Structures are given as C-alpha cells and as structure tokens.
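A.B. asks: missing the sequence, but the structure's below:
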C-alpha cells in the first residue's frame with residue numbers, strides 16, 4: 001500500500017468535514033517530522049479564526065491528452081474547521097487502523113512526549129476518532 005491508496009480509501013470512507021493531512025505508517029512509529037512545516041501551518045490556519053486561503057492550481061493542458069480531471073472551482077477560504085493529521089497503521093493483510101489526530105493534539109504530543117516519533121499506542125490515546133478499515137465495505 002502507498003499513501004495514494006490510502007487517499008482513495010479515505011475518500012470512500014471518511015464521513016467527517018474538515019481538513020486532513022494523511023500519513024501512512026508501515027512500521028512501529030511515525031516520525032513527527034513527516035508533517036512538513038507548511039502542512040502544519042495550513043492545518044492550524046484552517047482550524048483557527050485566521051483562516052486558510054488556497055488557490056487550486058490549474059492543470060497544464062497537454063497536447064493530445066483528452067483525459068484531464070477538471071477542478072471543481074478556483075479557490076477556497078476556510079476558517080474554524082476541524083483539522084486532523086490522519087494516520088493509517090498498515091500491515092499487509094493484517095492491519096488498516098486509522099486514527100484522526102487533531103492538529104493541536106499532534107503538536108502537544110510532539111513537543112512534550114520526549115520522542116521523535118508517534119507510536120500507534122500514543123495515537124490511540126489522543127485520537128478522538130479511530131476506524132479499522134478492514135471491516136468497512
């Protein structure tokens with residue numbers, strides 16, 4: 001599984017509204033630095049009264065290509081929306097456990113846990129929402 005596969009499953013199964021940064025963990029822990037500074041800032045801005053403005057990039061037109069995804073609109077401006085780092089712990093044919101971690105809790109744990117990475121046990125304690133994707137059709 002790759003993160004793009006997780007994105008497809010997330011799109012099918014997620015019922016929440018908000019902004020989400022998806023991460024896939026195939027090991028025992030996920031490095032906190034996998035969340036880039038600009039991603040953290042965007043999640044925080046969308047969650048706050050500051051807000052987040054984002055223009056959706058125009059897709060380049062390639063001569064001879066007829067299959068091109070159309071963008072839904074030009075831009076969006078969000079504020080006061082739920083913002084999560086969503087992590088899937090994955091083991092082939094064994095595990096697809098997904099944890100929704102609020103951005104504020106991600107930062108608090110990162111800054112105070114004394115580790116450089118997040119374990120699944122830590123995620124389970126701070127995530128208000130968790131799903132086992134193996135059981136979802």
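C.D. replies: It's in. This structure is a prediction, so every number in the text was calculated from the model and none was measured.
A.B. asks: Thought residue 83 was touching residue 47, still the case?
C.D. replies: Yes. Contact criterion Cβ atoms under 8 Å: residue 47 and residue 83 qualify, at 3.9 Å. Any C-beta I mention is one placed from the backbone N, CA and C, and that applies to glycine too.
A.B. asks: any shared contact partners between those two?
C.D. replies: Residues touching both residue 47 and residue 83 (Cβ atoms under 8 Å, 6 or more residues apart in numbering) are 19, 103.
A.B. asks: what about this structure, any weak spots by pLDDT?
C.D. replies: Scanning the chain with the threshold set as pLDDT under 70 gives 60-69, 137.
A.B. asks: What ranges does it have for its helices?
C.D. replies: Using DSSP state H, the helices of the chain run over residues 3-13, 37-47, 103-112, 120-126.
A.B. asks: any idea how far residue 86 is from the residue nearest to residue 49 when sequence neighbours are not counted?
C.D. replies: Distances taken as Cβ to Cβ, 6 or more residues apart in numbering put residue 79 closest to residue 49, at 5.8 Å, once the chain neighbours are dropped. According to Cβ to Cβ, to the nearest Å, residue 79 stands 20 Å off from residue 86.
A.B. asks: centre of the chain versus stretch 13-20, how much separation?
C.D. replies: Distance of stretch 13-20 from the chain centroid (Cα atoms, centre = their mean, to the nearest Å) equals 9 Å.
A.B. asks: swap that for stretch 72-82, please
C.D. replies: 16 Å.
A.B. asks: residues of that stretch that come out buried?
C.D. replies: 78, 82 (16 or more other Cβ atoms under 10 Å).
A.B. asks: what does it rub up against?
C.D. replies: Taking Cβ under 8 Å, 6+ apart as the rule, stretch 72-82 contacts 16-19, 45-56, 102.
A.B. asks: With stretch 14-30 instead?
C.D. replies: 1-3, 6-7, 10, 34-35, 39, 42-43, 46-47, 52, 78, 81-91, 100, 115, 117-120, 129.
A.B. asks: Alright, I will stop here.
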